[in-house]
Structures are given as structure tokens and as C-alpha cells.
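Student: here is my input; please provide its structure:
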Amino acid sequence: MDRVASADAAPARRLRRGLTLGSLIALVVANQLGTSLYTLPAAVAGDVGPIGIVAWIIAAAGFWLIAETFAELATRFPRTGGPYVFAAEAFGRFAGFETAWCYWLAAWTGNIAIATGVVAYLGYFIPALDGSDTLRFAAGQALLWGAAWLNVRGVRESGRVQQVLLVLNVVPFVLLALALPHIQLANFHPWAPKGVGALGGGVALLVWAFTGVESAAVTPEEVDGDGSTIRRGTRVGFTIAATMYLLAAVVVAGMLPSGEIAATARPLSAVLTHALGSWAGTAIALLGVSTAAACLNGWTMLLGRAGFSAAEDGVFPAFFARVHPRYGTPHVGLWVGTAFASLGLFTYFSQSLLQAFEKLVLVANFTVLMAYLATTLSAVVLAMRADTISAGWKHTRLLAIGACASAFILWAIANVGMETVRWGSAVVVLGVPLYILKMRAR
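Tutor: Numbering: from 1, shown residues only. Alright, predicted model coming up:
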């Protein structure tokens, strides 16, 4: 990699290990499910109809390729930062910067959407939240800064919270399974009310659902174990999340007509109330809060690591690589990223929570897809280098997986819509003058 020592480079890293296999699995599961389990199955069913189930299957297959790519690369290049590390290894300094820029933007922008989702489900228990922008704003701020504080305190503590909350995810799985006998086959007709062509848009929306599959690959230096731990954490976490998503997609599409599903801000709660009674709706709303809070905690962890190695290499502001002397966490990066998310709430809490969620999904989708594309293309390049990847079937496998994953991501980008591409491209280009200024400052 084109690593560069600079005058403002951060001191040597002092990140502390503490993420066990259980913590990694919980991190990967929570960062994928979050608010998406409780919102996106209904959003897809409402937008494209029952054929949205096929969109879930396609998305799961595509993200399996992405998950395998991240797991393999993190095993070979175990530096904190994930996408930045791989892009810089394959393409050099500028590509690494742009990748870190996109991933960092996706992390704090996504945290806004996650916080709004938590507040939306809190409204089930605190009706005053639904009628007050001020209270929603205050609750969102408390969630963002609370997650930042927990992650500054230590990776081990944050990982333990993830494991506790992962256990709670067994409950929605059981409730969804109990609801299966209540499905009405009539609700699957018409199967494709907007045509098969709507599948592309459905898959593009589902990028948000599986975002986070790379979580274990972003924090390798804080893992208790070797590359096999990262690989197992990624695979098991992805399998659990994908299974729950597919189950939710079937139940939601088969329980109520698409129009009714799209009309509620808490669709999964409404569906389970219809199938099992009010107690199930209350339980799923409570679990929606806990799962989304776990997702916010997990993504805040990644937010602090997104620019860490880039800062060490002198292409990101040096403070992103500062480590807390006591807790061994990138505390400055955590606080700065959270501050940006906090400011973002001023814009989005003026709209309804569901509308805010959908708009934020589009913004975060594009930037994270660009970071994923840089990673999968890096896999192709690195797999062709005899000096970085061992020969044999592993070389061929990484090359094939990276190429197929890149094709899937390009297809997803083509279906996100021109407006999203324009805004997303503007955000990507915005990083260029920042890079130039950083290089001049050096």
C-alpha cells in the first residue's frame, strides 16, 4: 500500500482487544437488523408488492458475496478501517481516501436514520413523542450521544451490550414463526402489481438492510482471535440476519394487503398484532427499540474506526487516529462523527419519522455502495497479485467472488434512481478538494 508518514501523523495505535466471537456475531447481526427488520419488509411490500420476497432473496445472495469478500480480505489485511485498508492496498492513497470518506459519511448519516427509527418505536410506549418534534429531537440526541459515550468507554463493554441484545432477537424470530399459519394466500395476489421491473428498485432499497455485514472486517485489531474468528463471525452473523429478514418478508407480505402495510409507521407490530393479538404487537415494539438501539451502538463503533487507519496514513485528519489513553478507543473520531449526526437531526426531525428514514436510506445507500464497490474491486486486483494472495483455489475463489460481488453492486447502483446517484455523486466529489487541501497541508 502507498502508505505515507506525515508530520501530523497520529501516534502509534493503542487500540485494545476485547471483541470475542460472540461479540462479533452480535455486532454483525445487530448492525444489519436494527430498524430495518421492523421497517423495510413493509416498505418493500408496499413499493413492489409480494414479489418483494424475491428482491430479498436476490439481495441476500448478493450480500453473501460481499460478506465473503470482506471476510477474506480482513483475514489477509487485518488493519482497522476495513474498506479504506483494502482500497489503499489495491489502488493507492487517493482511492483509499475516497473510500474512507464514503464509508465515514455512510456511518454517521446512517446513525441519524437509526436514531429516528428507535424514536419511532419508542412512540408506541410514549405517545407524547409522536406529537412533539421537540421531544423526538431530544430523544434522538440522547440516543446518539449515549451510544458514543458507551463506545468511548471500551470495545469490550460495547461488545457485551451487543451480546445481551442479540439474545433478545430470538423473540421476534419466534413470533414471526408463530405468525406463519395466519398468512392468507390471497394477499400474495397480484404477485407483481408494478411488474417484474420493480425488482431492481426493491433490491436497491434493501442495500440498507444488509449494510453492516462488513462489521467484523472493520475492527480486526480489536478482535480476540485470528482471521478465522473474523470469518466465522461474519458468516454466522450474516446467516442469522438473512434468515430473519426472509421470514419477516414472507409474514409481512402474506398477512395484510400491501396498501395497509404501507400506511403504518410500525408495520411489523401491526402485522403481529393482527396475527397473534395485542400482546405480540407490544412485545415486538419493545424489541424494536432494543434491536435498533443495538444497531446504533454497533454502527457508532464502526463510525470511530472508519477513518482510523486513513488518519494514521496521513490522508484523513490526524485526530481520527487519536486513542483514549485509558480506554484504548478512538474517542475523538467517535465524538466528531456523533457531532455530525447530531447536527443532521436538525434537518430531519422537521419531517415525519418514516419519511426521514426513507430519505436517509437513499443518501447512506449510495455512499456505502461506493465503499463496497471499492472493496470488491480491490479483491479482484489483490487476488491477481501473486505477492499478496497465496496461489491455489483460494486465489481463484477470491477473484471470482470479488468479480461477482462487483457486478451485483453495479447493478444495485444502477437501480437506486438518478436523483440518488446525482446527490451521492456530489457527495463523493466533495471529498476531492478536501483531499487536495489535506495533501497541501502536509
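Student: enumerate the positions of the one helix or strand Ala426 maps to that are buried.
Tutor: Assessed by DSSP states H and E, Ala426 sits inside helix 418-441. By neighbour count with 16 or more other Cβ atoms under 10 Å, helix 418-441 contains the buried residues Thr420, Gly424, Val427, Val428, Gly431, Tyr435, Lys438. C-beta coordinates here come from the backbone N, C-alpha and C atoms, glycine included.
Student: going by distance to Phe366, which of those wins?
Tutor: Gly424 (3.0 Å; Cβ to Cβ).
Student: hang on, the earlier thing: what is the nearest of the buried residues of helix 418-441 to Gly281?
Tutor: Nearest to Gly281, judged by Cβ to Cβ, of those is Thr420 at 32.8 Å.
Student: report the contact partners of the closest one.
Tutor: Leu362, Val363, Asn365, Phe366 (Cβ atoms under 8 Å, 6 or more residues apart in numbering).
Student: tell me how many other residues crowd Leu199.
Tutor: Residues lying near Leu199 (other Cβ atoms under 10 Å) number 19.
Student: and the strand or helix carrying it, what other elements does it pack with?
Tutor: If you go by DSSP H and E, Leu199 is part of helix 199-205. When contacts are defined as 3 or more Cβ pairs under 8 Å, 6 or more residues apart in numbering; DSSP states H and E, helix 199-205 sits against helix 36-48, helix 52-76, helix 353-383, helix 393-414.
Student: what's the angle between the second one and helix 353-383?
Tutor: Angle of helix 52-76 versus helix 353-383, following axes from the mean of the first three to the mean of the last three Cα atoms, to 10 degrees, is 50 degrees.
Student: what comes up buried for helix 52-76?
Tutor: Buried residues in helix 52-76, counted by 16+ other Cβ under 10 Å: 52-56, 58-60, 62-76.
Student: so where's this protein uncertain?
Tutor: 1-13, 192, 257-266, 347-361, 386-394, 442 (pLDDT under 70).
Student: what helix or strand is the closest residue to Asn187 other than its chain neighbours on?
Tutor: Using Cβ to Cβ, 6 or more residues apart in numbering and skipping residues adjacent in sequence, the residue nearest Asn187 is Gly254, 5.2 Å away. Using DSSP H and E, Gly254 maps to helix 227-255.
Student: that helix versus helix 36-48: what angle between them?
Tutor: Using the same axes, to 10 degrees, the inter-axis angle of helix 227-255 relative to helix 36-48 is 50 degrees.
Student: and helix 227-255, how far out from the chain's middle?
Tutor: In terms of Cα atoms, centre = their mean, to the nearest Å, the gap separating the centre of helix 227-255 from the centre of its chain is 13 Å.
Student: other SSEs contacting it?
Tutor: Secondary-structure packing of helix 227-255 (3+ Cβ pairs under 8 Å, 6+ apart): helix 21-33, helix 36-48, helix 52-76, helix 170-179, helix 207-210, helix 215-218, helix 258-262, helix 267-276.
Student: pick the most deeply packed of these.
Tutor: With neighbours defined as mean count of other Cβ atoms under 10 Å, the helices and strands packed on helix 227-255 peak in mean count at helix 215-218, which reaches a mean of 31.
Student: mind giving me the packing neighbours of that helix?
Tutor: Where contact means 3+ Cβ pairs under 8 Å, 6+ apart, helix 215-218 is packed against helix 21-33, helix 52-76, helix 227-255, helix 278-305.
Student: which residues does it contact?
Tutor: Here helix 215-218 has contacts from 24, 27-28, 31, 70-71, 73-74, 80-83, 223, 230, 233-234, 237, 298, 301-302, 305-306, using Cβ under 8 Å, 6+ apart.
Student: swap in stretch 239-249?
Tutor: Under Cβ under 8 Å, 6+ apart, the answer for stretch 239-249 is 25, 28-29, 32-33, 36-37, 41, 44-45, 52-53, 56-57, 60, 63-64, 169, 172-173, 176-177, 180, 209-210, 213, 268.
Student: just the CA trace of that stretch, in PDB.
Tutor: The C-alpha coordinates for stretch 239-249 follow below in PDB (Å, rounded to 0.1, in the frame of the first residue of the first chain):
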ATOM      1  CA  THR A 239     -26.800 -16.100   8.100                       C
ATOM      2  CA  ILE A 240     -28.900 -15.200  11.200                       C
ATOM      3  CA  ALA A 241     -29.800 -11.800   9.800                       C
ATOM      4  CA  ALA A 242     -30.700 -13.100   6.400                       C
ATOM      5  CA  THR A 243     -32.900 -15.800   7.800                       C
ATOM      6  CA  MET A 244     -34.800 -13.300  10.000                       C
ATOM      7  CA  TYR A 245     -35.300 -10.900   7.100                       C
ATOM      8  CA  LEU A 246     -36.700 -13.600   4.700                       C
ATOM      9  CA  LEU A 247     -39.000 -14.800   7.400                       C
ATOM     10  CA  ALA A 248     -40.200 -11.300   8.100                       C
ATOM     11  CA  ALA A 249     -40.700 -10.600   4.400                       C
END
